[in-house]
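**Student:** Pasting the sequence and the predicted model now:
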Amino acid sequence: MWDYSEKVREHFFNPKNSGPLENANGVGDVGSIKCGDALRLMLQVNPETEIIEAAQFQTFGCGSAIASSSALTEIIKGKTLDEALKVSNQDIADYLDGLPPEKMHCSVMGREALQAAVANYRGEVWSDDHEEGDLVCKCFAIDAVMIEDTIRANGLKTREEVTNYTKAGGGCSACHEKIEDVLIAVNGRLYGSEPKPRKAPARLPNESPVKPKLTNYQRIRKIEDTLEAIRPMLQRDHGDVTLVEVDGKKIYVALSGACQGCSMEAATLGGIQQKLIEALGELVQVLPVAALAHT
Amino acid sequence: MKPIYMDNNATTACDPAVVEAMLPFFTEQFGNASSIHSFGAQVGKALKDARIKVQNLLGAAHDSEIVFTSCGTESDSTAILSALKAQPERRTLITTVVEHPAILALCDQLEKEGYVVHKLPVNKKGRVDLDEYKSLLSERVALVSVMWANNETGTLFPVEEMAEMAHEKGVMFHTDAVQAVGKVPIDLKTTKIDMLSLSGHKLHAPKGIGVLYVRRNTRFRPLLRGGHQERGRRAGTENSASIVGLGVASELALQHMETENTTVKRLRDRLERGILARVNNAFVNGDTLYRLPNTASIAFEYVEGEGILLLLNKMGIAASSGSACTSGSLEPSHVMRAMGIPYTAAHGTIRFSLSRYNTEEEVDRVIAAVPSIIAQLRKLSPYWSGDGPVTNPEQAFQPEYA
Ligand SMILES: Cc1ncc(COP(=O)(O)O)c(C=O)c1O
Ligand code: FES
């Protein structure tokens, strides 16, 4: 549950000036049922003095929306219209000893209802110039629209820049992903996350060109084919080789016959390794099957 | 007056027997179940017993199918990510629009990473269309994840049938049964469900303990790698006290299954009827014929949920709101929106979720309290006048920036 101040509770449980106002000569309706917050502010203005003699509200909304409406009517009663228009949403929040950041929009709605009601009294059309987005950064109460506008106005590209310009993201870091989403929405992509283009390594003149990457299947076929080509040579010495396992860069083979345990075993493996490196175009290590048991 | 707790879908009180069984595992039974010495061995035995008790509650064929995790959310994440990792050639998921965020937020992230996610829509009662579901099943689907019961409305999903359908197409099936376990009978060995998530704190065990059921022979990849705990399927030293607690809670849940579906259900029905008889422009959300026995989701039109909750709280009654307002989002809950509940009602939805600890006297106190709370808030509402909504409420009040 929200951590509401005593003042908010007081104005929620016992709202002042609620209900319809007969003879209202200035009415402002703001909010949206979709967002779950809607407010009708009704004023009775003395035409001679422009003093607000009575103010009543009706609110569909959460606890702080009701409390903000109640606070607003208390603040503006007895003020002239011009004085009342100077009331900011921060004044409403201060009057209530503060609102949780997620609920600041309730005080904004109060101020807008006031502007709408005054416009209505004066026979003007009030239009909402305020757009509100989902709260992105709770640490600094900054919403998506504000971040978007700042990104556009300043051509921001990274989360760090957004934090420098708006403070959003400079606290607990919880909102970094959301800020990046806004960056992607505005810029079409996220800068700074792509791998840095690496310079192609200079190639020695007699080095073979980089072989195209083989699929796993192609790679194993290649290993088998290479071993197959070596076998007749070993068989002449009454030995043999078979493929046992391929684990990434490690290729395990079983040597049999005269090769097994002979003093030349290491040299034989080395020879096979050299052939495989050439055939695959990558560095691999050829190991006797006994090494597999130790992993 | 003693406060009344009717928010058991959010979390439940630990049963005193659960707490009692847990206490020794903070003191003399502190050993690590993996140790060879006697300190460890006794704990190991206790974990084994607990595993069997959970197995019994779920009707699982083998106790080795029970994997202890840290919460329902971890179980959900493990299930989905495991299915994707174990079948890299399958890059599609099927779920519903009314899942818990533990599923939906992960699916949204996976979508960003290039996976395809089909979210089945629901009708006014919160039901999915099985023909539509069937048409989505293919060899491209890595996993279907559908909740057994919805946390906001209590609506039950035909997961057993849906699992059969998935099975016929060779598709793996997971269910988030966090709200269903302990409230409706479950017998997994007679189903085709491959994985199931549960969370201890919804059935009178402590918070921070969960289970992922993984049917024998299901392809699996762990989320946490490390030690060999849980047969390598979930590394990390076991939360032995909580596992023991969950074991006791599972045993109790099985014993009280009947109570849940008779006594608790009767109390819930009494609450609903009592409130609806006294408050006009109010209705029950969800599938009233096919839902959890403990949940009542009631929409009060033209008022906003948070106000109702604050006033209920003042009278010592704890419930929760169907509106997500309390979570800082301005939109009503995704579940209400998915069911097409009008905004004027979705924002004023209150969920009362009961447990075997609630009494008839408590229910009657809530019935007595609600009408004046709603009346008080409606008096403030620009959509309300006298005893009913203003004529044509949507037209009578048309605020700027709608
Ligand atoms: C349907 C559902 N799934 C998952 C969860 C999350 O469980 P936990 O809080 O144990 O992570 C909840 C609890 O709110 C739930 O209701
Ligand atoms: S929410 Fe933005 S830094 Fe904490």
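**Tutor:** Perfect, I can see it now. Ligands and ions are numbered 1, 2, ... in the order given.
**Student:** Now whatever residue of the stretch 101-250 of chain A ends up closest to ligand 1, what are its backbone angles?
**Tutor:** Scanning the stretch 101-250 of chain A for the residue nearest ligand 1 gives residue A:174, at 17.7 Å (criterion: C-beta to the nearest ligand atom). Where you see a C-beta, it was placed from the backbone N, CA and C, and this is true even at glycine. When read as degrees, to the nearest 10, the backbone of residue A:174 gives phi -60, psi -30.
**Student:** list the contacts for it?
**Tutor:** A:138-139 (C-beta atoms under 8 Å, 6 or more residues apart in numbering or on different chains).
**Student:** Check residue A:240 too.
**Tutor:** Contacts of residue A:240 by C-beta under 8 Å, 6+ apart are A:231, A:234, A:255-257, A:259.
**Student:** shaky segments in chain A?
**Tutor:** A:1-2, A:128-132, A:193-212, A:258-264, A:293-295 (pLDDT under 70).
**Student:** Break it down into its structural domains.
**Tutor:** A:6-121, A:135-187, A:216-293 (automatic domain parsing).
**Student:** Single out the most deeply packed of the ones you listed.
**Tutor:** domain A:6-121 (a mean of 21; mean count of other C-beta atoms under 10 Å in any protein chain shown).
**Student:** quick one: that domain near chain B?
**Tutor:** Yes - judged by C-beta under 8 Å from any C-beta of the partner chain, domain A:6-121 and chain B are in contact via A:12-13, A:15, A:18-20, A:29-40, A:57-63, A:65-66, A:102, A:105, A:112, A:116.
**Student:** The residues you listed in helices, which ones?
**Tutor:** Members of those lying in helices (criterion: DSSP state H): A:12-13, A:63, A:65-66, A:105, A:112, A:116.
**Student:** Which two among those residues are spaced furthest apart?
**Tutor:** A:13 and A:116 (26.9 Å; C-beta to C-beta).
**Student:** Okay, the residue of the stretch 101-250 of chain A found nearest chain B and ligand 2: tell me how far apart.
**Tutor:** Per C-beta to the nearest C-beta, residue A:102 is where the stretch 101-250 of chain A lies closest to chain B, at 3.9 Å. With distances taken as C-beta to the nearest ligand atom, to the nearest Å, residue A:102 is found 11 Å from ligand 2.
**Student:** what about residue B:190, how many neighbours?
**Tutor:** 10 (other C-beta atoms under 10 Å in any protein chain shown).
**Student:** Pull the contacting residues for it.
**Tutor:** residue B:59.
**Student:** what's the distance between it and residue A:289?
**Tutor:** Using C-beta to C-beta, to the nearest Å, one obtains 47 Å as the distance from residue B:190 to residue A:289.
**Student:** what about the helices in the stretch 201-350 of chain B?
**Tutor:** B:240-259, B:265-278, B:305-314, B:334-338, B:343-346 (DSSP state H, counting those that start in this stretch).
**Student:** just the stretch 151-295 of chain A next, same as before
**Tutor:** A:159-166, A:176-187, A:216-236, A:265-280, A:289-292.
**Student:** Same question for the stretch 1-150 of chain B.
**Tutor:** B:16-22, B:38-58, B:72-86, B:101-112, B:130-136.
**Student:** okay, those, which one's buried deepest?
**Tutor:** Comparing the helices of the stretch 1-150 of chain B by mean count of other C-beta under 10 Å gives helix B:72-86 as most buried, with a mean of 23.
**Student:** That one packs against which elements?
**Tutor:** Counting contacts by 3 or more C-beta pairs under 8 Å, 6 or more residues apart in numbering or on different chains; DSSP states H and E, helix B:72-86 packs against strand B:66-69, strand B:92-96, helix B:101-112, strand B:141-145, strand B:172-176, strand B:195-199, strand B:210-214.
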